[in-house]
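Chemist: the sequence and its predicted three-dimensional model are supplied below.
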Amino acid sequence: MEADYLAKGWERTESHSDADLIVVRGCSVTRRAQHDCERLVAHIKAKYPATRLIVTGCLRDESAERLSPAVRRARAILEGMNAADDEDEETPQEIEEDEPIPMRTARAYLKIQDGCSGKCSFCIVPQFRGPSFSVPFSSLMRKTERFIEAGYTEIVLTGCNLILYASGGKRLPELVDALARLGESADEKSRPRCRIRLGSIEPGACALETVDVMAAHANVCRYLHVPAQSGADRILTAMKRPYLVRDVVELVERAKRVSALAGIGFDLMTGFPGETEMDFLSTEGLIKRLCPSNVHVFPYSERPGTIAAGLLDAIPREVRHDRARRLAAVAKNHRSQFAKKFIGQQVQIVIEDEKEMSGWTGEYFQCRIDNKGRCASVKRRDIVEARVTMARHGALVAAVV
Ligand code: SF4
């Protein structure tokens, strides 16, 4: 959106007070997110009453209905529909070809689908975003090529639920395979034109196949983010998640067979209605067994309108938060331990911060270069190979080889 506005002659301001237009990307996925967004919107409305305000995303607010042409166009592209009420009568394909490429970020985000057809009992997303719809395969190929031509060296696949991707007979594994081929260099020994990073991926047959594709392409990042949610089958079933703990284990073990140092991320929820101390300990046990390198822990929060909000055996808030703290502490310890395994190993870094000379490894560890003198010409988005010399607080330090 920002790129779209800049291409139309708008300028980015450093503060709200200088702006003629303020865009808030709203979110209602958690009650906290919704609350924070609503407060921000109320603050902007009160402080800058004369400034035009656009609220996008899935925040439930009347102002979200008043979308700018840019947002309508963006949505039309994603939905593969014509932007019927736009001033111009471009087809989605023409719009997409014109769509500007943002240049401020080091990584490009490729949204491959939106919405979800899942029925998880705690989740409000399907109600806000509707059923899953996928961006046409050919559009994604063209957009990725344009990202690469614009100099991006890492493309992150995003969406509400990646494994639901389906377009013209292509599913997530076929899409990842095609994008990885696009990013490979002609000469196998050279660095790739770009690498592909998967967003969050739900356990199951499609995820396993996607890991097999990862194994076939060196430029697919060795990192898997799994929204595991719980380490107890009883709770996963109550959440109506479409997998059990053994599926989480199988997925992680498959990724570890591709690379023993593959980074693993988990989303975990504590205090779902009915979660006993034993269930919680099973989740803690899952961390200890699978050693994820990144864990996001969320204390459960009721979303009115979901099945889970009506369940009777609610867990007291202080217990939810206490369990979240305990899990986070275990996870932090495991991250530090895991980071140490990289010492002496060669990693590939996409440079994000030119001044600090730091970036992210394929395994999703932040890594700083400590022999800057040898690589004065390294720029943001460059792909560099380096050997890890130190691991500190879960981040790495490396020397360019
Ligand atoms: S898979 Fe479940 S939690 Fe994820 S967006 Fe769909 S309904 Fe929500």
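Modeler: Yep, that arrived.

Chemist: okay, CA-based contacts and neighbour counts for the rest of this
Modeler: Fine.

Chemist: and the residue of the stretch 251-400 of the chain nearest the ligand?
Modeler: Across the stretch 251-400 of the chain, the shortest distance to the ligand (CA to the nearest ligand atom) belongs to residue 306, at 10.1 Å.

Chemist: what about that residue, neighbour count?
Modeler: 17 (other CA atoms under 10 Å).

Chemist: show me where the stretch 301-401 of the chain has its strands.
Modeler: Assigned by DSSP state E, counting those that start in this stretch, the stretch 301-401 of the chain shows strands spanning 346-353, 358-361, 366-369, 383-392, 395-400.

Chemist: with mean neighbour count added, can I get those in TSV?
Modeler: Output for those, formatted as TSV (neighbours: other CA atoms under 10 Å):
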stretch	mean neighbour count
strand 346-353	22
strand 358-361	23
strand 366-369	23
strand 383-392	19
strand 395-400	22
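
Chemist: kindly reformat those strands as CSV containing distance to residue 224.
Modeler: Listed next are those as CSV, based on distance: least, CA to CA, whole Å:
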stretch, distance to residue 224
strand 346-353, 16
strand 358-361, 13
strand 366-369, 16
strand 383-392, 20
strand 395-400, 18
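
Chemist: nearest to residue 164, out of these?
Modeler: Nearest to residue 164, of all these, is strand 358-361, at 27.1 Å by CA to CA.

Chemist: other residues contacting that closest one?
Modeler: The contact list for strand 358-361 (CA atoms under 8 Å, 6 or more residues apart in numbering) reads 347-353, 366-369.

Chemist: where does the protein dip in pLDDT?
Modeler: 60-100, 102-104, 188, 373-375 (pLDDT under 70).

Chemist: counting neighbours, what do you get for residue 255?
Modeler: By the measure other CA under 10 Å, the count of residues near residue 255 is 24.

Chemist: doesn't it lie inside a helix?
Modeler: Yes - assessed with DSSP: H, G, I helix; E, B strand; the rest coil, residue 255 lies in a helix.

Chemist: do I have it right that it meets residue 210?
Modeler: No - using CA atoms under 8 Å, residue 255 is not in contact with residue 210, being 9.8 Å away.

Chemist: one step back: tell me how far the residue of the stretch 251-400 of the chain closest to the ligand lies from residue 173.
Modeler: 31 Å (CA to CA, to the nearest Å).

Chemist: cool, residue 26 as well?
Modeler: 30 Å.

Chemist: out of these two, which sits in the more crowded spot?
Modeler: residue 26 (22 against 19).

Chemist: scan this protein for its longest helix.
Modeler: Counting by DSSP state H, the longest helix found in the chain is helix 317-340.

Chemist: where does the residue lying farthest from the centre of the chain sit: helix, strand or coil?
Modeler: Most distant from the centre of the chain: residue 50, at 34.6 Å, with distances by CA atoms, centre = their mean. Following three-state DSSP, we place residue 50 in the coil state.

Chemist: how close does it get to residue 19?
Modeler: Distance from residue 50 to residue 19, counting by CA to CA: 10 Å.

Chemist: ditto for residue 395
Modeler: Residue 395 is 37 Å from residue 19, by CA to CA.
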